[in-house]
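[1] let's see this in three dimensions:
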Amino acid sequence: MVSGISDSMDEITRIALEGQNPWWFKKPFDTGIDRLPSFPLLRQYLPSKECLILIGARRTGKSTLVFQLVRHLLDTGTQKEAILYINLDEPLFASHAKDPAFLRGLIDDHCTRHEEISRFVVCIDEIQNFPHWAGTIKILSDTRSDIKLIVTGSTSSLLEREVSARLSGRYFSCPVYPLTFVEYLMFQAIENPTLVKKRQACDTYLTLGGYPRIVLEPEDALKKELLKNYYETIYLKDIIYPNKVRNNRDLYDVLYYLLSNTGTLLSYTRIAGSLGISAETVREYLDYAEEAFLLFTVKKFDFSVKKQMANPKKVYCIDTGIVSAVAFAFSENRGRLLENAVFMALQRGGGEIYYHKDRYECDFITRSNRKITQAIQVTESLADPDTKTREIRGLCEALEEYSLPEGTIVTRRESGEEIVGEKKIHIRPVYDWFGELSTR
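    This next block holds a predicted model:
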């Protein structure tokens, strides 16, 4: 009998688990298009004893990656009963969320039924749905050397807070984002595309984003509706419900404002004044959106953390498709989507991302190991002389400030090189820049 569950529920619970673990009965299960090559560390982490945590927004493909790991384990000789998958979005399991013994009871019960197996792999989806998850995983990590844990979660603050408090030194984490452009081409089965085909594909990618389900959906009319549904799910399940937000209207207005102003300099006071609410409320709601992986903030770089916090921030969305589907449409949308996509490409690469602003502005500078490593400017086109002057001026100021010999301007179509004084400027169309970034 599963600990924490009544006798009458025990059989129902086992039936639910059997439905989530089709490989026990040699039934087929969907693993989607293989993304494991984009996450090489996942397979490397499998033999280790540490818990593997996949974090990211809903619908980015965390569960599919888990199923791909399951397929890899089965293909490399792991016994089918040695793999236990538990999806805590299951309503039956959610009804036991307040029982601290429930999750461990499921795991212990399965392991007891298969005592002949020396090592189990336990995969737990949407771990944030179980309030006692960190304590359960800590105890399992400390007392069960025969269990390898793989968990997914959609709320960064919960994971970060619990991980730092309970699981220090017991885990590896891996963020999962929507598809890169290189992955997008793979999902679309576009190999060795012509320049025209690559441009068309990139324009679609910038407009509709990289959520796997959206990319694979054949009906264009459904794509924006699905994206709106994704937004609503994040809005409800990962922002309103866990944070017990009472004034849904103010939250909706703040998020709509932020999504409609991606890439622009924003301050809490300015937003509050526009919406007729307090600056503290704006800050709180933006924090919630960041915790749900819906939005990301970029600070102005300064060696003083206090000054970083005091200056306006830029906000970007997890996916340009959500911006297209939800935000206010305006003439600058295409340039904003381009900048948002560049930000997400940098975000996937890890490291710290800032913007530069002194006399002039540079969209992104990146920092690694306490050293500024690159400066990047983003603009749809350099055809207008005033735009070209502005973009080069801001980039060169950043290059001079951080002693960088060269920088990059990412455009929608244009390419070339510019030498300004002793600085070299690479002009790259975004589709080529995406490809160059994937090979680093």
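
[2] okay, now I190: neighbour count?
    If you count neighbours by other C-beta atoms under 10 Å, I190 ends up with 14. Where C-beta positions appear, they are placed from N, C-alpha and C, glycine not excepted.

[3] that one: which element?
    For I190, there is no helix or strand it lies in under DSSP states H and E.

[4] list the contacts of it.
    K197, K198, A201 (C-beta atoms under 8 Å, 6 or more residues apart in numbering).

[5] nearest the geometric middle of the protein, what residue?
    Y177 (3.4 Å; C-alpha atoms, centre = their mean).

[6] next structured bit after the helix or strand bottoming out on mean pLDDT in the chain?
    The weakest-scoring helix or strand in the chain, judged by mean pLDDT, DSSP states H and E, is helix 156-166 (a mean of 63). Following helix 156-166 in sequence order, the next helix or strand is strand 171-175 (DSSP H and E).

[7] who are the packing partners of that following strand?
    helix 40-45, strand 51-55, helix 156-166 (3 or more C-beta pairs under 8 Å, 6 or more residues apart in numbering; DSSP states H and E).

[8] each with direction, which strands does it pair with?
    Here strand 171-175 has these sheet partners by DSSP bridges: strand 51-55 (parallel).

[9] other SSEs contacting whichever helix or strand comes after the partner strand?
    As assigned by DSSP H and E, the chain's next helix or strand after strand 51-55 is helix 62-75. Judged by 3+ C-beta pairs under 8 Å, 6+ apart, the packing partners of helix 62-75 are helix 40-45, strand 51-55, strand 83-87, strand 120-125, strand 147-153.

[10] need the strands for this protein, in chain order.
    In the chain, the strands defined using DSSP state E lie at 51-55, 83-87, 120-125, 147-153, 171-175, 295-300, 314-317, 352-357, 361-368, 371-378, 406-411, 416-420, 423-429.

[11] list the strands paired with the fourth one, with their directions.
    If you go by DSSP bridges, strand 147-153 pairs up with strand 51-55 (parallel), strand 120-125 (parallel).

[12] tabulate those (JSON lines), appending mean pLDDT.
    Formatted as JSON lines, the strands paired with strand 147-153 follow (pLDDT from 0 to 100):
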{"stretch": "strand 51-55", "mean pLDDT": "92"}
{"stretch": "strand 120-125", "mean pLDDT": "98"}
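
[13] looking at these, which is nearest to L265?
    strand 51-55 (28.3 Å; C-beta to C-beta).

[14] for that closest one, the distance to its chain's centre please.
    Strand 51-55 has its C-alpha centroid displaced from the chain centroid by 13 Å (C-alpha atoms, centre = their mean, to the nearest Å).

[15] ok, and what's touching that strand?
    With C-beta under 8 Å, 6+ apart, strand 51-55 has contacts from 42, 45-46, 62, 65-66, 127, 137, 141, 148-154, 156, 159, 163, 167, 170-176, 293.

[16] give me the buried subset of the residues you listed.
    With neighbours counted using 16 or more other C-beta atoms under 10 Å, these contain these buried positions: 42, 45-46, 62, 65-66, 127, 137, 141, 148-154, 156, 159, 163, 167, 170-171, 173-176, 293.
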